[in-house]
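**Student:** just coords:
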């Protein structure tokens with residue numbers, strides 16, 4: 001605050017917590033920048049539609065997940081298996097000659113503060129929200145059968161997400177550290193027949 005004294009008045013948030021009991025739990029941990037991109041292509045009866053969405057300028061701090069993965073009488077997430085472990089999964093962990101790998105969650109057993117840099121993740125992401133590919137049979141073929149049109153298609157929703165966030169859905173950063181039911185991926189195939 002440029003008063004020449006370093007104190008609490010000089011603090012500023014670089015991320016917001018996803019702790020549901022925190023006083024600062026609000027929409028600030030959602031991206032400041034959101035974007036979407038729609039691509040539609042047609043060629044000789046084939047069609048392709050893609051919808052990308054994403055967000056940026058968002059940092060999420062969730063140290064409680066790191067320090068208390070079994071909170072609220074829950075189970076630990078599968079992602080916590082990526083922690084200190086022997087290079088050989090069958091090795092005796094008490095053998096001092098073992099080679100060890102730190103893993104992503106290397107701070108097992110220590111407390112991590114929400115305000116520490118270790119608890120902060122870049123919340124930017126890009127998701128292929130929907131995609132559809134189709135083929136429409138030529139009218140000359142279908143008119144012979146007394147049909148106005150036939151189109152075969154395959155589509156999907158929430159196909160993939162590119163992000164550096166581990167343990168939670170970047171589109172919903174306040175989802176109790178990933179302990180909520182994950183977003184569903186749906187794949188469909190079908191045909192549209194017009195008489």
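**Tutor:** Yes, it's here. Just so you know, these numbers come straight off a predicted model, no measurement behind them.

**Student:** Helices along this structure, start to end?
**Tutor:** 63-67, 139-143 (DSSP state H).

**Student:** Pick out the shakiest of those helices, pLDDT-wise.
**Tutor:** The minimum mean pLDDT among the helices of the chain belongs to helix 63-67 (a mean of 57).

**Student:** residues making contact with stretch 182-190?
**Tutor:** With contacts defined as CB atoms under 8 Å, 6 or more residues apart in numbering, stretch 182-190 is touched by 152, 153, 154, 155, 156, 157, 158, 159, 169, 171, 172. Every C-beta, even on glycine, is put in place using the N, C-alpha and C of the backbone.

**Student:** tell me the pLDDT at residue 151?
**Tutor:** 97.

**Student:** now do residue 185
**Tutor:** 93.

**Student:** tally of neighbours for it?
**Tutor:** Neighbours of residue 185 under the rule other CB atoms under 10 Å: 11.

**Student:** that older thread, JSON lines please, covering the contacts of stretch 182-190 and showing distance to residue 195 and neighbour count.
**Tutor:** JSON lines is the format used below for these (distance: CB to CB, whole Å; neighbours: other CB atoms under 10 Å):
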{"residue": "152", "distance to residue 195": "16", "neighbour count": "14"}
{"residue": "153", "distance to residue 195": "18", "neighbour count": "16"}
{"residue": "154", "distance to residue 195": "23", "neighbour count": "13"}
{"residue": "155", "distance to residue 195": "23", "neighbour count": "16"}
{"residue": "156", "distance to residue 195": "28", "neighbour count": "17"}
{"residue": "157", "distance to residue 195": "28", "neighbour count": "16"}
{"residue": "158", "distance to residue 195": "33", "neighbour count": "17"}
{"residue": "159", "distance to residue 195": "32", "neighbour count": "17"}
{"residue": "169", "distance to residue 195": "42", "neighbour count": "18"}
{"residue": "171", "distance to residue 195": "40", "neighbour count": "21"}
{"residue": "172", "distance to residue 195": "43", "neighbour count": "14"}
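
**Student:** Ranking helices and strands of the chain by mean pLDDT, which lands last?
**Tutor:** strand 16-17 (a mean of 52; mean pLDDT, DSSP states H and E).

**Student:** List the contacts of residue 52.
**Tutor:** 36, 37, 38, 39, 126, 127, 128, 129.

**Student:** one more time with 7 Å, if that's ok
**Tutor:** 36, 37, 126, 127, 128, 129 (CB atoms under 7 Å, 6 or more residues apart in numbering).

**Student:** quick one: the fifth one and residue 157 touch, right?
**Tutor:** Translated: residue 128. No - between residue 128 and residue 157 there is no contact under CB atoms under 7 Å: 9.1 Å.
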